[in-house]
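Visitor: Mind looking at a prediction? Sequence and model below.
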Amino acid sequence: MIIDAHAHLWKKQNGIVNNKPVVDVGGGKSDFGGEIRQMMPPYMTDGENSVERFIANMDYAGVSGAVITQEYIDGNQNGYLLSCKSDRIKICALYEEKPMEDISGFDGIKICAGRLKDKNLLNHMEPFSIADEKGKFISIDLADGNEQTEMMQKIIEKFPDLKIAIGHFGMVTRENWLEQIALAKNQNVYIESGGITWLFNSEFYPFASAVDAINEAASLVGFNKLMWGSDYPRTMTAITYKMSLDFVEKTNKISEENKKLFLGENAKKFYGFADLSIPQKVKNMVED
């Protein structure tokens, strides 16, 4: 069973970066704070990053379930995500540095910690407190390196039963990234790899250094604390959805047992997925 711990969906992109708007301009492109960037694969011409398209990609790649996080650059998608939730899809409400609305329909809360105006996490206790009280998980992308790790450790100690997933594999290509990974030494803290192919894009597929980094992180906290994530759809501007996981499936540097933990079993336990079916393999048109 394979579970994607870090993907994005939106009905209409209406985000912000550096106090400037992020909006769709067609052909999978967005005006990214004044710069035109390919935000999605170019065949997503209508600007919608829909759950139906994502599930089709999941089925083709053999992915059983997924966790939808959020990002300020996409705008608040709470309303759309509530319509996407299913047995296969778990969803996060977005924290926006203001009092949180009702999150009863959500599975977790997403905190874009590296993009907060006030990066002192100790001034943002509300989402952690609400998640802890209501039995939700926290999905958080920390600022580069160890800028926020000390604050994060204090929050973990305050809420020891709160499940926390740290994204972008600790910003693995940045200095002091292992200090983020080390937070998973705490019982209920896990690391997910959404964005790892972005961070190693200059090397590109099959991302040998990313595999080495996964093993290095595992040597610090164990494979039972690591989860795979795709960062769909932005990473799909460079690779296919299937490629975002098969560089792990095909490597001989990770044992089959640890691949099962990393690709699905840890996420099933952490996020509380029920037993999910495994999509049937469909032969594509270039296969014999």
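Guide: Received, thanks. Numbers count the residues shown, from 1 in each chain.
Visitor: Please name the residues that touch I196.
Guide: Contacts for I196 (C-beta atoms under 8 Å, 6 or more residues apart in numbering) come out as H168, F169, V172, F207, A210, A213, I214, G229, D231. No exception for glycine: its C-beta is placed from N, CA and C like everyone else's.
Visitor: Can you tell me how far it is from F32?
Guide: 21 Å (C-beta to C-beta, to the nearest Å).
Visitor: before we move on, the earlier item: now rank the contacts of I196 by neighbours and give me the top one.
Guide: Within those, neighbour counts (other C-beta atoms under 10 Å) peak at G229, which reaches 29 neighbours.
Visitor: That residue contacts G167, doesn't it?
Guide: Yes. G229 sits in contact with G167 when judged by C-beta atoms under 8 Å, with a separation of 7.0 Å.
Visitor: Determine the residues that are contacts of both of those two.
Guide: H6, E192, G194, G195.
Visitor: Give the buried residues for the longest helix seen in the chain.
Guide: Determined from DSSP state H, the single longest helix within the chain is helix 208-221. Buried residues in helix 208-221, counted by 16 or more other C-beta atoms under 10 Å: A210, V211, A213, I214, A217, A218, V221.
Visitor: Dihedrals phi and psi, I164?
Guide: phi -130, psi 130 (degrees, to the nearest 10).
Visitor: Can you give me the neighbour number for it?
Guide: Neighbours of I164 (other C-beta under 10 Å): 24.
Visitor: do you know how far it is from Q180?
Guide: Counting by C-beta to C-beta - I164 and Q180 are separated by 11 Å.
Visitor: Name all residues that make contact with K185.
Guide: L220, V221 are the contacts of K185 under C-beta under 8 Å, 6+ apart.
Visitor: same check, this time on the one 5 residues further on
Guide: With contacts defined as C-beta under 8 Å, 6+ apart, the neighbours of Y190 are K163, I164, A165, I166, A184, K225, L226, M227, N266, F270.
Visitor: Tell me which entries of those residues lie within strands.
Guide: With DSSP state E as the criterion, strands contain K163, I164, A165, I166, L226, M227 from among the contacts of Y190.
Visitor: Using CSV, lay out those together with distance to T149 and pLDDT.
Guide: CSV is the format used below for the ones in strands among the contacts of Y190 (distance: C-beta to C-beta, whole Å; pLDDT from 0 to 100):
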residue, distance to T149, pLDDT
K163, 18, 98
I164, 12, 98
A165, 15, 98
I166, 10, 98
L226, 17, 98
M227, 19, 98
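Visitor: From those residues, pick the one nearest D144.
Guide: Of all the ones in strands among the contacts of Y190, I166 has the smallest distance to D144: 12.8 Å, by C-beta to C-beta.
Visitor: Report the beta-bridge partner residues of that closest one.
Guide: I140, I191 (DSSP bridges).
Visitor: That one touches A182, doesn't it?
Guide: No. In this structure, I166 is not within contact of A182 by C-beta under 8 Å, at 10.4 Å.
Visitor: Who has more neighbours out of the two?
Guide: Remark: of I166 and A182, I166 carries more neighbours, 25 against 18, as counted by other C-beta under 10 Å.
Visitor: ok, so what distance separates the more buried one from F270?
Guide: 12 Å.
Visitor: all helices of the stretch 51-200 of the chain, in order?
Guide: 51-61, 78-84, 125-134, 149-158, 177-181, 196-199 (DSSP state H, counting those that start in this stretch).
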